[in-house]
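> Pasting a predicted model and its sequence here:
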Amino acid sequence: MKWKISGASPWRTKADALLVPVVYAGGKARPAAGPDGPIAARMVEATLKRHDWAGESAGPVCVPTWGQLPAAHLILARIDGAGGSPGFRFERAVATAARLGRSLKLRSLVVGVPDAFDGGNAGAVRRIVRGASAGAERFDVFTSAPAGAGAPDLTIAGVRPTAALRRAAGDAAREAEILRDVRRLANLPGREATPEAIARECRRMARRHGFSCRVHDRAALERMGCRALLAVGQGSRNEPRMIVLEYRNGGRAKPVALVGKTITFDSGGISLKPGKGMEWMRYDKSGGMAVLATVATAAALRLPINVTGILAAAENMPGGGATRPGDIVRARNGTTIEIQNTDAEGRLVLADALSVAADLKPSAIVDLATLTGAVIVALGHHAAAVLGTDEALGARLREAGEAAGERLWPLPLWPEYEQQIRSDFADLRNIGDGSAGTIIGGAFLKRFVPGGVPWAHIDIAGTAWDEKPSAHRGAGATLVGARLLIEWLGRGAPTG
Ligand code: BES
Ligand code: MN
Ligand code: ZN
């Protein structure tokens, strides 16, 4: 995305559109910052009056300025009161304006830096670049109509363009480009986004952004003893892969390990899912997509950390070679698993990936997975569940999530739940009795993380995919977890 920073007032800057953030409180709407001059003030006043700013998704609106202002249009977008930090809510308003601007074919957007922004001017610049880029995104891989203009030419106005602010904008633009590229991959159907295709894209991003990528194919996985991952993939012609992404810029610090469930399509296997809505299950690779975006961003921004990402990639299909319910496999760490339900496959691929992660002696392990439908019952589409073995880690992740606009909410992992996954025929079985589904998933994973390693499991099944477009983004993959983990890593946590 093209951007520039300008010391001029946003109200005196030429562009196709000027964003006017709107604050709605106590039944009244007002511009977040005072319009510059009487004409601007009257235009904003009149537009605010004509529209209803109450309700969950009020606005945005676009009005022409008919040559009365340097900007050809004003886009009024409400700063939504709900969800996430004030900084994030501002970013979402920028995204909303960019999305409307794009649909109206407005090519350039000017946004003023708010005063007293939390995170300072650099924080505001980052929010503006990220919002403008994400809001203008459109998934057009398969659409026949011409794609049209992409992200707008952005002017960040009302602030002196210091080197530090330019760096903030450049970093945010790099981050936004990565999120866009990975979101494109995450939106691809199972036919295109096979485990090998994802491995190929990981290699390409590794070269481009400066990290390493190792891909373990089926033969390597057999040598490594990853029979839980192999069991999930054996019903598909598209063989499983374990993809290991390594970025090192933190000296001798232990690495952080990020593990992502990367099921390229989840049919359920022999425990076949119902047909209705099954197309949604191309999103079952979302955990791995967030991990890829996070490692690539850490590398692109040269964060002073060590991080390893592990993507456990397989396609869960009911082919002739598929795992049968009742089959027993030995996972890489030696634990035997009775696979009572082949649709509880995420925990199987993660089992082997977690044991590979543990071998790195990491300072912490965080896994992301679209693991259970039950998390949607518990939290709906407004938060991901976080579980694990380390209170402090969970708290830090929750704080990062607030800042990133990706909320987490905790669930317990008490030992009582572990009863449910006992098997009469193996060390473990892969399902419980149907109660506490999200916790049972976590309790299963815990068996593959050695005690003493801080570990958090984030179940993103309710938040990784938007069924419908909204004012600030299109339908499809949200990459939930990526911004959260980037925020968390950027805060320098954890060290050790
Ligand atoms: N990928 C699904 C999780 C899922 C299910 C997300 C439905 C969204 C909607 C996962 O692999 C799965 O199938 N989980 C099962 C587990 C059960 C068999 C213990 C589920 O949640 O139904
Ligand atoms: Mn499943
Ligand atoms: Zn799944």
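Okay, I see it. Ligands and ions are numbered 1, 2, ... in the order given.
> Now residue 80: closest residue in space that isn't a chain neighbour?
Counting by C-beta to C-beta, 6 or more residues apart in numbering, residue 80 lies nearest to residue 89, which is 5.8 Å off, once chain neighbours are set aside. From N, CA and C alone the C-beta is placed, and that goes for glycine too.
> tell me the contacts of the one you found?
Residues counted as contacts of residue 89 (C-beta atoms under 8 Å, 6 or more residues apart in numbering) are 79, 80, 81, 83, 405.
> Would you tell me what helix or strand it is located in?
helix 86-103 (DSSP states H and E).
> what's the burial count for the residue in the stretch 51-200 of the chain positioned nearest to ligand 3?
Residue nearest to ligand 3 within the stretch 51-200 of the chain: residue 190 (12.0 Å; C-beta to the ion). Residue 190 has 22 neighbouring residues, counting by other C-beta atoms under 10 Å.
> helix/strand/coil for it?
Put simply, residue 190 is coil when judged by DSSP: H, G, I helix; E, B strand; the rest coil.
> on that earlier part again, only the buried subset of the contacts of residue 89, as a PyMOL command please.
The following PyMOL line selects those of the contacts of residue 89 that are buried, judged by 16 or more other C-beta atoms under 10 Å:
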select buried, resi 79+80+405
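> Tell me which stretches of the stretch 351-496 of the chain form strands.
364-369, 384-388, 408-410, 428-429, 455-459, 465-466, 476-477 (DSSP state E, counting those that start in this stretch).
> now swap in the stretch 151-300 of the chain and tell me
Going by DSSP E, counting those that start in this stretch, the stretch 151-300 of the chain shows strands at 153-157, 212-216, 241-248, 256-266.
> Give me the residues contacting the first one.
Under the contact criterion C-beta under 8 Å, 6+ apart, strand 153-157 has outside partners 1-10, 13, 15, 107-113, 125, 128-129, 132, 165, 169.
> Quick one: mean pLDDT over it.
The average pLDDT for strand 153-157 rounds to 98.
> go on, the longest one?
For strand 256-266, mean pLDDT is 99.
> Can you point out the buried residues in it?
256, 257, 258, 259, 260, 261, 262, 263, 264, 265, 266.
> just the third one next, same as before
Across strand 241-248, burial judged by 16+ other C-beta under 10 Å covers 241, 242, 243, 244, 245, 246, 247.
> closest to residue 213 among the residues you listed?
residue 245 (5.5 Å; C-beta to C-beta).
> which ones are touching the closest one?
202, 206, 211-213, 291-292, 295-296, 308-311.
> and which of those is nearest to residue 46?
residue 296 (45.6 Å).
> How many residues are close by the closest one?
29.
> so what's the residue in the stretch 251-400 of the chain that ligand 3 sits nearest to bridging to?
Nearest to ligand 3, among the residues of the stretch 251-400 of the chain, is residue 266, at 3.7 Å (C-beta to the ion). Beta-bridge pairing of residue 266 under DSSP bridges involves residue 316.
> show me what contacts it?
Contacts of residue 266 by C-beta under 8 Å, 6+ apart are 273, 281, 284, 316, 343, 345, 346.
> again with residue 338
So residue 338 contacts 326, 327, 328, 423, 425, 426, 428, 429, 430 (C-beta under 8 Å, 6+ apart).
> Considering the residues you listed, which possesses the most neighbours?
residue 430 (27 neighbours).
> For it, give its distance to residue 5.
Residue 430 is 53 Å from residue 5, where distance means C-beta to C-beta, to the nearest Å.
> Tell me what the nearest residue to residue 367 once chain neighbours are set aside is bridged to.
Computed as C-beta to C-beta, 6+ apart, the closest residue to residue 367 that is not its neighbour in sequence is residue 259, at 3.9 Å. Counting by DSSP bridges, residue 259 forms beta bridges with residue 310, residue 367.
> Please identify which residue in the protein comes closest to ligand 2.
residue 343 (3.9 Å).
> isn't there a helix covering residue 75?
No. Applying three-state DSSP, one finds residue 75 to be strand, outside a helix.
> Could you name the helices and strands sitting against the lowest-mean-pLDDT helix or strand in the chain?
Least confident helix or strand, the chain: strand 28-31 with a mean of 92, by mean pLDDT, DSSP states H and E. Contact analysis of strand 28-31 by 3 or more C-beta pairs under 8 Å, 6 or more residues apart in numbering; DSSP states H and E lists strand 15-25, helix 38-50 as its packing neighbours.
> nearest to ligand 3, of these?
strand 15-25 (39.1 Å).
> angle of that closest one against helix 86-103?
140 degrees (axes from the mean of the first three to the mean of the last three C-alpha atoms, to 10 degrees).
> pLDDT score assigned to residue 384?
98.
> Please look at it and residue 478 and confirm they touch.
No. Using C-beta atoms under 8 Å, residue 384 is not in contact with residue 478; the gap is 10.4 Å.
> Name the residues contacting each of the two.
residue 463.
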